[in-house]
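> Sequence and predicted structure below; questions after.
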Amino acid sequence: MATTEEIAECMMTMVNQFAGKKRLKPGDLIKHAKTELGADKKASKDAIRLLTDDNKLVYSYFGGTWLELPYEEGAAKSDAQAAGTE
């Protein structure tokens, strides 16, 4: 049986693969974990919770419930880059 961390890693691989191409529902990630690792639904939900608690994924609710990579605004990105160069 795969650990929660292994399931989370598998899910992040899928999210990164489809980033900017397709939005994924929680069910998509659960099905992927079951197919790839044989993970059960509870362990998959625990992995999603781990990823959202660590801010690696965020929920969005536009026309459904989606899990996505956190959005970084252009101004925030510029400020972070400017802070590193000072």
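On my side now, so go ahead.

> okay, CA-based contacts and neighbour counts for the rest of this
Fine.

> ok, now which ones touch Y59?
52, 65-68 (C-alpha atoms under 8 Å, 6 or more residues apart in numbering).

> element containing it, please.
Using DSSP states H and E, Y59 falls within strand 58-60.

> Would you list the strands that that strand pairs with, along with their directions?
Sheet pairing of strand 58-60 (DSSP bridges) gives strand 66-68 (antiparallel).

> So for the partner strand, what gets flagged as buried?
Buried positions in strand 66-68, judged by neighbour count with 16 or more other C-alpha atoms under 10 Å: 66-68.

> So which bits of the longest helix anywhere in the chain are buried?
Ranked by number of residues, the top helix in the chain under DSSP state H is helix 4-18. Using 16+ other C-alpha under 10 Å as the test for burial, helix 4-18 gives 4-5, 7-8, 10-12, 14-15.

> swap in stretch 21-31?
Within stretch 21-31, the residues that count as buried by 16+ other C-alpha under 10 Å are 24, 26, 28-31.

> Tell me how far L69 lies from Y61.
To Y61, L69 is 13 Å away according to C-alpha to C-alpha, to the nearest Å.

> So for these two, which residue has more residues nearby?
Set L69 next to Y61 and count neighbours by other C-alpha atoms under 10 Å: L69 wins out with 19 against 8.

> tell me the contacts of that one?
15, 19, 56-58.

> how about a cut-off of 10 Å?
Listed by C-alpha atoms under 10 Å, 6 or more residues apart in numbering, the contact partners of L69 are 12, 15-16, 19-20, 23, 51-52, 55-60.
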